[in-house]
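1. Okay, sequence plus prediction incoming.
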Amino acid sequence: MGWQGKDPSTDFRGGGFISLENLLYFARNFPKSFQDLLLKREGVRSAWEYPFAVAGVNITFMLIQMLDLEAVKPRTIAGANFLKFLAENESAFDLLYCITFKIMDQQWLSMRASYMEFNVVMKSTRHQLESELMLEDVTRLEELPSYSVLTR
């Protein structure tokens, strides 16, 4: 699955337990998309790919930061909009995680990235996601343009 060592628990430092919950939600709710990413089935792949599980932990960490979830009140439009989605759907964070993972993989493929460009890909993913979260006509996560990349 792309853990960095023999003990996967050490890879959860950045994203915490919620990272594991996100991976499980993704596997259970969008098994086709999950398996496509895990097994790198789509696109022309790099010889030196990103480690799947660790990428997932990094996505959780990035979302927490981007949405400003550790603050009492979000200081960004994307964070404020996300709280509206969360009020309507208690699984909003998990769903956004799944969308983000697919966006990240699409960015990876379009940039023809390899392992050393992972941070560049994550920045590009964050930028795209922030742009989509700030669209005025989006009232639910399912209305995000990138939601359509998920398959069950």
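-> Now that the structure is in, tell me what you want to look at. Only a predicted model underlies this, so the values are computations on that prediction, with no experimental measurement involved.

2. quick one: Ala92 from Met122, how far?
-> Computed as C-beta to C-beta, to the nearest Å, the Ala92 to Met122 distance reads 21 Å. (C-beta placed from N, C-alpha, C; glycine too.)

3. what distance separates the start and the end of stretch 45-60?
-> End-to-end distance for stretch 45-60, by C-alpha to C-alpha, to the nearest Å: 23 Å.

4. Glu70 and Leu63 touch, don't they?
-> No: using C-beta atoms under 8 Å, Glu70 makes no contact with Leu63, being 11.5 Å away.

5. who's more crowded, these two?
-> The neighbour comparison of Glu70 against Leu63 (other C-beta atoms under 10 Å) goes to Leu63, with 20 against 8.

6. name the element Trp48 belongs to?
-> Here Trp48 is covered by no helix or strand, with elements defined by DSSP states H and E.

7. Ramachandran angles for it?
-> phi -120, psi 90 (degrees, to the nearest 10).

8. for Ser114, same thing?
-> Torsion angles, degrees, to the nearest 10, at Ser114: phi -130, psi 180.

9. does it really touch Ser46, like I thought?
-> Yes: contact criterion C-beta under 8 Å: Ser114 and Ser46 qualify, at 4.3 Å.

10. Between Ala92 and Met122, point out the one with more neighbours.
-> Taking other C-beta under 10 Å, Ala92 and Met122 do not tie; Met122 has more neighbours (20 against 17).

11. Please work out which residues outside the host helix or strand of that one touch it.
-> Secondary structure assignment for Met122, by DSSP H and E: helix 118-133. Helix 118-133 is contacted from outside by 50, 55, 58-59, 62, 66, 76-78, 81-82, 96, 99-100, 103-104, 107-108, 111, 113, 138, 144-146, using C-beta atoms under 8 Å, 6 or more residues apart in numbering.

12. who touches Asn89 in this structure?
-> With contacts defined as C-beta under 8 Å, 6+ apart, Asn89 is in contact with Leu95, Arg140, Leu141.

13. mind checking the longest helix of the protein?
-> helix 92-111 (DSSP state H).

14. by contact count, what packs against that one?
-> On a contact count with 3 or more C-beta pairs under 8 Å, 6 or more residues apart in numbering; DSSP states H and E, helix 92-111 meets helix 17-29, helix 31-38, helix 52-66, helix 77-88, helix 118-133.
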